[in-house]
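> How does the following fold in three dimensions:
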Amino acid sequence: MRSKLSRTRSWMAALALLAAQPAAADLDTIVREGTNIQADIRADGWVVTDLVGGLWLVPPGGGAAERLANDLHPARSPRFSPNGQSLVYVAEQGQHAELWLYSLDQRSTYPVATEFRTYAQPDWHPDGDRIVFSADVDGQGFALWELDVATGLRWRLTHGAGEATWPSWSDDGRDLLYVHRNAGRYRLMLRRLGETDEVLLESDDALSAPSFRPDKSLVTVIRHAPDALRIDMVILSTPRLVRTLLEDEDIFLGRVAWKDRGQLTYTAGGQIRQRAFDAWQPSTLPFEARLEAPVTAMDGKALSRRFASTVDARPLIVRAARLFDGLSGDYRRDVDVVVRDGLIAAVEPSRPRPGEILIDLGDITVIPGLIDVYAKLPAVVSDADGARLLSFGITTLVTARGDAEALDTRWADAATPGPRLLRAASMNTVTSEEPHPWLLLLNGDRSTGQSLRAATGAWQQAGVPVLAENWQAGLGAGAGLVLGGEALPVSPAGRRYADLAVNGGSAVTIVSSLAHTDTPGVDELFTRRQAIGLRPQRARPLAERTALGNIVSDLVLGSAPNALPPGVAQHAELRALVAAGLTPHNALKAATVNAAGALGLGLRAGRIAPGAAASFVLVAGDPLRSIEDAANVVGVVHHGRFLSAGRLIDAFDSTEVSENLTGAVTALPRADATAIPWPRRRERNR
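So this is what the prediction gives:
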């Protein structure tokens with residue numbers, strides 16, 4: 001990558017400037033806390049944890065943590081083998097996950113399970129020869145599996161409706177705990193050898209991470225209470241008794257680990273906590289981890305190109321009963337949005353406008369057009385796909401397609417309307433030649449990120465944002481955007497700890513990628529008019545629930561990983577953001593003004609204000625109160641033209657683009673509204 005960038009003098013100068021900065025060793029930072037870390041403890045008191053995607057060993061009593069050499073990928077959920085000489089962990093590989101082993105004797109790592117869609121929550125059988133885990137084989141949900149390490153043979157342990165996650169063996173290997181989820185209910189299950197599975201606990205709240213006390217007198221389980229996570233225990237007496245063991249802490253999602261029947265270890269508040277079972281208060285296991293700080297993060301420079309265009313169309317005015325401008329805390333009411341030459345010229349109080357082209361649809365809400373900073377389009381894209389996306393209110397998206405610019409040109413035509421397409425490209429393939437992409441994608445391991453740190457900084461200083469597809473590569477490269485998914489770097493209480501401060505803190509923007517099978521309302525999206533002709537399909541499942549807490553300003557919408565068709569995918573992300581704790585107001589900001597800022601679009605997009613591109617959406621309802629209403633699209637203004645939802649839907653509800661699109665809008669409801677011609681030609685300079 002560096003050799004490609006150095007082909008021009010400007011890039012040579014930029015790289016030389018970055019190379020002159022202090023070496024990584026000079027920027028090392030000692031970190032004494034972590035965000036969402038998990039931990040396991042060995043019989044001799046050594047603890048393993050997954051700080052910032054690495055595997056770290058903390059000595060008994062605490063002290064300097066040793067980083068294990070696993071830079072091939074981000075690692076999470078490590079578990080000691082029964083003899084303490086191996087670790088099993090989840091290796092994040094782009095948009096899926098695998099199971100890997102780390103040999104503490106040989107200081108080496110290798111894969112043991114890779115062929116399924118994704119793996120989660122591994123645990124050892126006490127014999128040390130087998131690993132139990134949850135896996136999504138085909139996108140239809142998680143089930144429990146077991147693997148023989150020596151032979152690679154595996155077999156399925158659960159069948160039937162619902163999903164099974166978080167398996168955990170008892171120390172004698174006779175009993176298995178797991179969480180069963182079906183129809184919105186969670187059950188903590190106990191499977192005894194030769195007996196029918198027993199329901200230990202049933203809840204509307206999510207349950208996670210069960211664990212046996214070594215003597216099997218009780219089990220612990222994390223309950224996702226409405227306000228915070230807490231650790232409950234089920235006492236295995238007759239009858240069963242449920243009591244709260246730990247609360248009033250920022251408890252992280254991971255199994256309680258038992259050194260013995262009297263000493264337990266868990267993670268909360270950025271720390272590794274240890275507690276005697278009969279004690280009232282925990283103690284902290286202190287650790288010091290040496291992390292490399294990145295050289296640079298995205299500096300917010302806007303790309304030096306025009307985003308809006310002048311079009312061959314008469315000025316128009318759109319009347320809004322309610323207007324969310326992307327910035328204000330609430331609506332502006334009874335205003336007119338004045339559009340000229342493809343730009344918003346003014347936002348004014350409503351007044352009579354005789355002789356002017358006025359769109360007045362009554363009690364509607366106007367919001368900025370939705371922006372997707374990382375989207376995936378079908379392999380074959382037609383003009384109908386552009387109309388469908390606009391009918392969902394999506395006016396701008398970034399996609400890694402070689403034909404993005406050609407599609408963008410075609411969809412700018414009035415006869416074949418579609419959203420703006422901005423091209424993304426891989427850091428492995430892009431050159432310094434113009435035109436630059438709007439977004440660069442960075443994948444690989446931590447060492448890959450470190451090798452591209454100077455190149456990442458040069459691109460970002462030139463105004464081209466870089467999106468890392470995992471935290472390991474992002475930390476190494478100093479990328480300004482990081483794909484979040486199910487491992488968002490914010491604790492259940494909405495906090496970030498010192499491990500992420502070395503990555504620039506709030507300078508890092510998280511791309512959501514949150515929608516999954518259980519996101520509320522995903523199935524309903526397929527019943528919408530805009531979804532005509534789409535086959536209902538499941539989003540990718542997630543093995544763990546995500547809570548966003550107070551994360552707001554550094555979050556943007558990106559739908560590529562959720563595996564849903566475009567249009568449905570973006571609204572599923574909005575609903576997932578709200579389900580994870582954001583208000584509808586902040587979810588809309590993630591898809592509008594925040595997304596525009598992350599892409600370096602400055603004041604030209606993501607807001608409804610003078611000078612911004614005239615790309616906004618007319619919806620029925622109140623999306624600041626109910627995010628579902630954002631999908632009630634009745635019309636779109638894009639490139640300064642009004643397009644009714646009905647005519648957009650007609651465009652993809654037939655085999656070819658309807659000729660009505662080149663005709664006129666004739667059924668506007670107010671007497672002073674003038675028919676709006678659809679121009680057949682426009683200038684490419686946008």
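> separation between the closest residue to residue 66 other than its chain neighbours and residue 126?
In this structure, residue 66 finds its nearest non-sequential neighbour in residue 57, 4.6 Å apart by C-beta to C-beta, 6 or more residues apart in numbering. To be clear about C-beta, it is placed using only N, CA and C from the backbone, and glycine gets the same treatment. When distance is defined by C-beta to C-beta, to the nearest Å, residue 57 is 22 Å away from residue 126.
> Could you do residue 87 as well?
Taken as C-beta to C-beta, the span from residue 87 to residue 126 is 16 Å.
> Which stretches in this structure count as helices?
2-5, 9-19, 383-391, 404-411, 446-451, 453-461, 471-477, 498-501, 522-525, 568-579, 584-590, 593-598, 645-652 (DSSP state H).
> Quick one: mean pLDDT for the first one?
Along helix 2-5, the predicted local confidence has a mean pLDDT of 34.
> coming back round to it: how about the helices of the chain in JSON lines, adding mean neighbour count?
Shown next, in JSON lines, are the helices of the chain (neighbours: other C-beta atoms under 10 Å):
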{"stretch": "helix 2-5", "mean neighbour count": "14"}
{"stretch": "helix 9-19", "mean neighbour count": "15"}
{"stretch": "helix 383-391", "mean neighbour count": "26"}
{"stretch": "helix 404-411", "mean neighbour count": "18"}
{"stretch": "helix 446-451", "mean neighbour count": "20"}
{"stretch": "helix 453-461", "mean neighbour count": "25"}
{"stretch": "helix 471-477", "mean neighbour count": "28"}
{"stretch": "helix 498-501", "mean neighbour count": "20"}
{"stretch": "helix 522-525", "mean neighbour count": "18"}
{"stretch": "helix 568-579", "mean neighbour count": "26"}
{"stretch": "helix 584-590", "mean neighbour count": "23"}
{"stretch": "helix 593-598", "mean neighbour count": "26"}
{"stretch": "helix 645-652", "mean neighbour count": "22"}
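> Out of the ones you listed, which is closest to residue 182?
helix 522-525 (15.5 Å; C-beta to C-beta).
> Run the chain-centre distance for the closest one.
Taking the mean of its C-alpha atoms, helix 522-525 sits 19 Å from the chain's own mean (C-alpha atoms, centre = their mean, to the nearest Å).
> Report all helices and strands that it contacts.
Contacts defined by 3 or more C-beta pairs under 8 Å, 6 or more residues apart in numbering; DSSP states H and E place helix 522-525 against helix 568-579.
> Can you name the residues in contact with the helix it packs on?
370, 372, 375-376, 392, 394, 397, 512-516, 519-522, 525-526, 531, 534, 539, 548, 555, 557-560, 562-564, 584, 586-588, 590-591, 627-628, 630-631 (C-beta atoms under 8 Å, 6 or more residues apart in numbering).
> Now do that helix, average pLDDT.
In this model, helix 568-579 carries a mean pLDDT of 93.
> cool, and stretch 606-618?
Averaging pLDDT along stretch 606-618 yields 94.
> Please identify the buried residues of it?
606-609, 612-618 (16 or more other C-beta atoms under 10 Å).
> how about the strands in the stretch 1-150 of the chain?
28-31, 39-41, 47-49, 56-58, 63-64, 66-67, 75-80, 86-93, 96-103, 108-113, 118-124, 130-136, 142-148 (DSSP state E, counting those that start in this stretch).
> got it, and the stretch 301-450 of the chain?
Under DSSP E, counting those that start in this stretch, the stretch 301-450 of the chain gives strands at 316-323, 332-340, 343-349, 358-359, 365-368, 370-375, 394-399, 420-426, 439-442.
> Distance to residue 185, mean pLDDT and mean neighbour count added to the ones you listed, as JSON lines?
Listed next are the strands of the stretch 301-450 of the chain as JSON lines, based on distance: least, C-beta to C-beta, whole Å; pLDDT from 0 to 100; neighbours: other C-beta atoms under 10 Å:
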{"stretch": "strand 316-323", "distance to residue 185": "38", "mean pLDDT": "95", "mean neighbour count": "22"}
{"stretch": "strand 332-340", "distance to residue 185": "42", "mean pLDDT": "95", "mean neighbour count": "19"}
{"stretch": "strand 343-349", "distance to residue 185": "48", "mean pLDDT": "94", "mean neighbour count": "16"}
{"stretch": "strand 358-359", "distance to residue 185": "47", "mean pLDDT": "92", "mean neighbour count": "23"}
{"stretch": "strand 365-368", "distance to residue 185": "35", "mean pLDDT": "97", "mean neighbour count": "26"}
{"stretch": "strand 370-375", "distance to residue 185": "33", "mean pLDDT": "96", "mean neighbour count": "28"}
{"stretch": "strand 394-399", "distance to residue 185": "34", "mean pLDDT": "96", "mean neighbour count": "28"}
{"stretch": "strand 420-426", "distance to residue 185": "40", "mean pLDDT": "93", "mean neighbour count": "22"}
{"stretch": "strand 439-442", "distance to residue 185": "39", "mean pLDDT": "92", "mean neighbour count": "25"}
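> now for those strands, which one comes closest to residue 649?
Short answer: strand 394-399, nearest of the strands of the stretch 301-450 of the chain by C-beta to C-beta, at 14.2 Å.
> neighbouring contacts of the closest one?
369-377, 389, 419-424, 438-439, 566-567, 570, 595, 599, 605, 615-617, 636, 638.
> quick revisit: out of the strands of the stretch 301-450 of the chain, flag the one nearest residue 409.
strand 420-426 (9.1 Å).
> Does anything pack onto that closest one? Which helices or strands?
For strand 420-426, the packing partners by 3+ C-beta pairs under 8 Å, 6+ apart are strand 394-399, helix 404-411, strand 439-442.
> can you list these in a markdown table and add distance to residue 75?
Shown next, in a markdown table, are those (distance: least, C-beta to C-beta, whole Å):
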| stretch | distance to residue 75 |
| --- | --- |
| strand 394-399 | 29 |
| helix 404-411 | 34 |
| strand 439-442 | 18 |
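> out of those, nearest to residue 291?
So among these, strand 439-442 is nearest, using C-beta to C-beta, at 18.8 Å.
> tell me what the closest one is packed against?
Using 3+ C-beta pairs under 8 Å, 6+ apart: strand 439-442 touches strand 420-426, helix 453-461, strand 466-468, helix 471-477.
> outside of the shortest one, which residues touch it?
Put plainly, it is strand 466-468. With contacts defined as C-beta under 8 Å, 6+ apart, strand 466-468 is touched by 298, 373-374, 424, 427, 439-443, 449, 456, 459-460, 474, 477, 479-483, 511.
> Residue 348: what's it in contact with?
Contacts of residue 348 by C-beta under 8 Å, 6+ apart are 335-336, 338.
> so who does residue 365 touch?
320-324, 331, 618-623, 629.
> if we can go back for a sec, between residue 87 and residue 126, which is the more surrounded one?
residue 87 (24 against 14; other C-beta atoms under 10 Å).
> Okay, and the beta partners of residue 641?
As for beta bridges, residue 641 partners with residue 638 under DSSP bridges.
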